[in-house]
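turn this into a model:
(2 chains)
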Amino acid sequence: MFNDIQQQLEEKIKAICAAEGIELAELKWVPIPFAGEWGVSTSFFQTAANEARAGRGGGKPVPQRAQELAEQVKGAVLSGQSKDQMGSVEGVSRIEAVKGYLNVYFETSAYARRVVESVLASGVDFGRGAPKGERVMVEYAQPNTHHSFHIGHYRNTILGEALARLTEFAGFETIRASYPGDIGLGVITVMWIYDKFYKGQEPQGVHERGQWLLKLYVEATALLEKKENETPEETARREQYEAERREMYRKWDAGDPYVRELWRTTREWSLEELREILRMMDVKMDVWFYESEVDEPAKAIVEELIARGIADDERPQGGAVIVKIDEKLGLKKEKYRTNVILRSDGTTLYLTKDLALAKVKFEKYHVDRSIYVVDVRQSMHLQQAFAILRLWGFPQAEKCYHLGYGFVSLPEGAMSARRGRVVLFKDVFDEAVRRVLAVESEKSPDMSEEQRRKVAEQIGMGALAYSMLAVDNNRDIVFDMDAALSFDGRTGPYIQNAHVRANSILKKSKVESRKSGDLRPVTFDYELTKHEIELIEQISRFPAAVEQAANEYRPLVMAAYAYDLANAFHSFYHAVPVLQADDEKIREARLALVAAAKQTITNALRLLDIQAPEVM
RNA sequence: GCCCUCGUAGCUCAAUGGACAGAGCGCCAGCCUUCUAAGCUGUUGGUUGUGGGUUCGAAUCCCGCCGAGGGCGCCA
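Numbering: from 1, shown residues only, chains lettered A, B, ... in the order given. Predicted structure coming up:
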């Protein structure tokens, strides 16, 4: 967490090696991986290997030579202008050379105080990175309208939101963008069946209405799908339906007032549900892009790409407008292949719209980095889009990044909206709340009804969010309700519970110490238990975890960290008395440590879009 | 045919070039008159799919093979 000791040492080591004629390789510092003590460590393997390669080092095996170097450096550091046997570096208790590593242990009381005071001084900003001077746009939450929000959309949204929170906290100016698919054949299909059979009906309730549209979609698909052994009448009817659907799409495209009004009304039902779910998830979008709004600009782009010689117009031959990406890039081997950017009937495609949208992101929002949180199955399409942007001459194309994630399927197979085989987010949410309430009524019988409901939502959502974020991006998830809503072990509630326990101690301490006022300046000048050391160690790692998670675009890093931190707290909580500590100074110090742990857990959970309840 | 992911404990997953490959679940055994037991402690469990290569050092990088999933010009 504090690099000053490390930097001081690095300077010393460089000076020593320069004096001894040792060509030092780059020093990489890592926390000492042993529990119970803290400090930093670096190794001399690379330096020894470089020597061996250059024919120096006396032909000794690399590990042996690395150990010699470590010992030599240790000796030189200690003998330098050593004040006493504790070493010549401020804040360092001892230095050892082991197996080619130089381990530097920090003085416990000074380091503990530094960490705890720093956390308490920074509060909600503890771990925040310095401004990076770059603007990042994260595009996520792109469900189709006229459907309902399912658990696959949820993974996308929680992943995007956690990522946005991470990049923002790490110091990037972050813009959150949603991109609902509000037009396309699927949308028209729902409008068609609604207009034909259900006109005027409208279920009450935001979620009920959204889910109803999904039911209509399933029904419409069944009506429009060719069946085996159809009678001639059935075939004729199906073909008529199909013709009606096409006609409706054509009218939409032509701006027919009736169809447009129908579209606006039903679309709004879906968007209302989407906004409600985002509210439940505490997601606040900065920008809303709609597929329908980039349709016209996309058509203009096609003409521009033809004019620039990037796209080939095969319409005169009855074909489409295509881009031979590999050929235009001058690639010999096939990589991006060829794709269509305008159908032969003159309508645009997903790829075309993404090109138009990218242009807006670059020119209107001036983004430096453009992150697309999209299912990994669309990887090829996005690579094609980025390649075309490159051909088009956008330097920002290099900063486009597809954050692909594995898709969510069900134990019985892939989800299918058309067949109605989906697990809806709202259903999982309701089930989560039900399950938490069942546990809560038993564990916290004296909670008010209102509070119980609120806490149940926080815990239920915490369980669900964590189960999604604790798996790395590229991994597929088979959704299992019991696993996703588990409250035991490596879960959201486990971390939330650590927060609650910390809060509980602090609450009680305030009641008792009201007379004596606030916490005194903390001193850790007593022998810390290994649990306290481990907890402080974990707290001090938070800023580095933020940095890593944001740099690698991996919420998993933060999820794993949050668990480790909570785990350290639970062990501490179990083994180390705080309010019951005999010595008052120790009690004060531990209370400050508990407050610092609570703050760090809060900050970590916030980055995962998980609430930190005060009680549970 | 070409391309992309992945293969780690019985199961679900971590560890992406460094010290004995770690958690959770499950199994087994303990711990609530003590700050919330949604917890803690201990035990069990591994030739990292396989064969080679690079490296002082490989689960991690490279190549082959086997196996699983996904993608490849008018769906999104």
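
please make it C-alpha for all contacts and neighbour counts, starting now.
OK.

so the residue lying farthest from the centre of chain A versus A:Asp256, what's the distance?
The outermost residue of chain A, judged against the average C-alpha position, is A:Pro232 (53.0 Å), by C-alpha atoms, centre = their mean. Distance, A:Pro232 to A:Asp256, using C-alpha to C-alpha, to the nearest Å: 33 Å.

and if you look at A:Tyr241?
Distance from A:Tyr241 to A:Asp256, by C-alpha to C-alpha: 19 Å.

in the stretch 501-616 of chain A, which spans are strands?
Shown for the stretch 501-616 of chain A, no strands are assigned by DSSP state E, counting those that start in this stretch.

contacts only, for the single nearest residue of it relative to RNA strand B.
Residue of the stretch 501-616 of chain A nearest RNA strand B, by C-alpha to the nearest atom of the strand: A:Val615 (3.1 Å). By C-alpha atoms under 8 Å, 6 or more residues apart in numbering, the contact list for A:Val615 reads A:Val455, A:Val500, A:Asn503, A:Ser504.

in helices, which of the residues you listed appear?
Among the contacts of A:Val615, the members found in helices (DSSP state H) are A:Val455, A:Val500, A:Asn503, A:Ser504.

can I see the domain layout of chain A?
Residue ranges for the domains of chain A, per automatic domain parsing: A:4-106, A:181-286.

among these, which gets the worst mean confidence?
For the domains of chain A, mean pLDDT drops lowest on domain A:4-106, to a mean of 85.

show me what from the stretch 51-200 of chain A comes close to RNA strand B.
Neighbours of RNA strand B within the stretch 51-200 of chain A, by C-alpha under 7 Å from any atom of the strand: A:52-53, A:61-63, A:98-99, A:101-103, A:181, A:184-185.

buried ones from these, can you make that a PyMOL selection?
A single PyMOL command selects the buried members of these (16 or more other C-alpha atoms under 10 Å):
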select buried, chain A and resi 52+62+63+99+101+102+103+181+184
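
among the residues of the stretch 51-200 of chain A next to RNA strand B, which two are most distant?
Across those, the longest distance by C-alpha to C-alpha is 68.0 Å; it joins A:Pro61 and A:Leu185.

so which helix or strand takes in the closest residue in space to A:Trp263 that isn't next to it in sequence?
In this structure, A:Trp263 finds its nearest non-sequential neighbour in A:Met191, 6.8 Å apart by C-alpha to C-alpha, 6 or more residues apart in numbering. According to DSSP states H and E, A:Met191 maps onto helix A:185-193.

which neighbouring elements make contact with that helix?
Helices and strands touching helix A:185-193, by 3 or more C-alpha pairs under 8 Å, 6 or more residues apart in numbering; DSSP states H and E, are helix A:206-224, helix A:232-254, helix A:257-280.

and the last one, what does it pack onto?
Packing contacts for helix A:257-280, counted by 3+ C-alpha pairs under 8 Å, 6+ apart, involve helix A:185-193, helix A:206-224, helix A:232-254.

what pLDDT, on average, does stretch A:568-584 get?
Mean pLDDT, computed over stretch A:568-584, is 94.

that stretch close to RNA strand B?
Yes. Interface with RNA strand B: stretch A:568-584 contributes A:His570, A:Ser571, A:Phe572, A:Tyr573, A:His574, A:Ala575, A:Val576, A:Pro577, A:Val578, A:Leu579, A:Gln580 (C-alpha under 7 Å from any atom of the strand).

dump those into CSV; add neighbour count as well.
Putting those into CSV (neighbours: other C-alpha atoms under 10 Å) gives the following:
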residue, neighbour count
A:His570, 21
A:Ser571, 16
A:Phe572, 20
A:Tyr573, 18
A:His574, 9
A:Ala575, 13
A:Val576, 16
A:Pro577, 13
A:Val578, 23
A:Leu579, 18
A:Gln580, 10
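
which of these sits closest to A:Leu78?
Comparing these against A:Leu78 with C-alpha to C-alpha places A:Phe572 closest, at 34.2 Å.

OK, contacts around the closest one?
A:Phe572 sits next to A:His531, A:Glu532, A:Leu535 when contact means C-alpha under 8 Å, 6+ apart.
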